[in-house]
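>>> I'd like to go over a predicted model; first the sequence, then the structure.
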Amino acid sequence: MGSAERYDNNFILTQIVGELSIPSVIGPMGKSLAGLELFTKVALAAKLWEVDPEVVELPWRPFEAPSRLVFGLLLDDGCVATQPPIRKALEQVADALCQAGHEVIKFTPPSHQTANELWVSLSLLIQASTMTQCGGNAIHALCEESGEPLINEVGEIMGKARGDRRVVSAEEVWKMSAERVAYTRTYDQAWNATANVTESKRPMDALLMPNTAAVSWERGGPNYLGTHFSDPGYTAVVNVLQYTSLSMPLAKADGITQDVRNEFYSEMDKAVYEACTYAVLMQTRLRSSWECLLAYKWWDEDSKKKRF
């Protein structure tokens, strides 16, 4: 996920122009950090702010990180538990960072359930509503024009038929946006408060967390991936906070037994646990690796404004 207000969105075909509560961003993909760095240098060298007023006038600047960084570690969001391979790989990353001389602390964030509820309201409900202010009818019209059926994942968001999604009023949008801002402030305070527990007395530079709870799943079943209203997923909080993030593959889930659990955070947690089993992994091989989500914040010294 890229940063909002950094790249020109004019050439991106979208049905939700003007949606500012959780703005769309261009997230470049690459095989290496060097490739992503090159992409960003070239894009910013084009002075995109001269053609798009929404882009921040901020050229590329070399950045030297502190020799000893501070990483927060979040193994579980308290909504849906992660499977053992995911926790193990994150712990291996944390150990490697410590061995390299960096500091890793356990981070206890504000409720991610609150972020999930805001994401459902702001990202899904408003998206479905603002498709030409007709509850997703624009998507249905495009499918009818092409003769292409609506896939289940899109139908879960936009409604499987015209009229399935109601139109959200401007008053509701303003209220939900205010709640998002309040939540972001609370999260920022928790982030900055980590300076009280770090050896360097600095707040953490980045947060290591999963971007999915399970290593594999069956299509159409519960997966906690953000594919429908009741299933926000681990990355919802990053969308709500509008933090810059980086997703990367880390390891393969081989030779690890499954947790035996009798207690669950919620019905969704139980459903994911029962559906995303290792039997499914071995039968479907839908995913041979899992990914880590690295969320971080940065400060724009020129404008003295926090950017994500």
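Looks like it came in fine.

>>> Count the residues that sit near Asp269.
19 (other Cβ atoms under 10 Å). The C-beta positions use only the backbone N, C-alpha and C, and glycine is treated the same way.

>>> Contacts only, for it.
Applying Cβ atoms under 8 Å, 6 or more residues apart in numbering, one finds that Asp269 lies in contact with 79-81.

>>> Mind telling me what element it is part of?
For Asp269, the enclosing helix or strand under DSSP states H and E is helix 267-275.

>>> for His140, same thing?
Assignment of secondary structure by DSSP H and E places His140 within helix 137-146.

>>> What is that helix packed up against?
If you count contacts as 3 or more Cβ pairs under 8 Å, 6 or more residues apart in numbering; DSSP states H and E, helix 137-146 packs onto helix 152-158.

>>> Could you look up the next helix or strand downstream of the helix it packs on?
Once helix 152-158 ends, the next helix or strand along the chain (criterion: DSSP H and E) is helix 170-193.

>>> Quick check: which helices or strands does that next one pack against?
With contacts defined as 3+ Cβ pairs under 8 Å, 6+ apart, the packing partners of helix 170-193 are helix 112-119, helix 236-241.

>>> Give me the packing partners of the longest one, helices and strands only.
It stands for helix 112-119. In this structure, helix 112-119 makes packing contacts with helix 170-193, helix 236-241, judged by 3+ Cβ pairs under 8 Å, 6+ apart.

>>> Report the mean confidence score over stretch 93-101.
Per-residue pLDDT values across stretch 93-101 average out to 95.

>>> what's the answer for stretch 193-204, then?
Throughout stretch 193-204, pLDDT has a mean value of 95.

>>> Name the residues of it that come out as buried.
Counting neighbours by 16 or more other Cβ atoms under 10 Å, one finds that the buried residues in stretch 193-204 are 194, 198, 203-204.

>>> Repeat that for stretch 97-115.
Buried residues in stretch 97-115, defined by neighbour count with 16+ other Cβ under 10 Å: 97, 102-104, 107, 109-110, 112, 114-115.

>>> Nearest residue to Cys98 in space, please, no chain neighbours.
The spatially closest residue to Cys98, leaving aside those adjacent along the chain, is Val104, at 5.6 Å (Cβ to Cβ, 6 or more residues apart in numbering).
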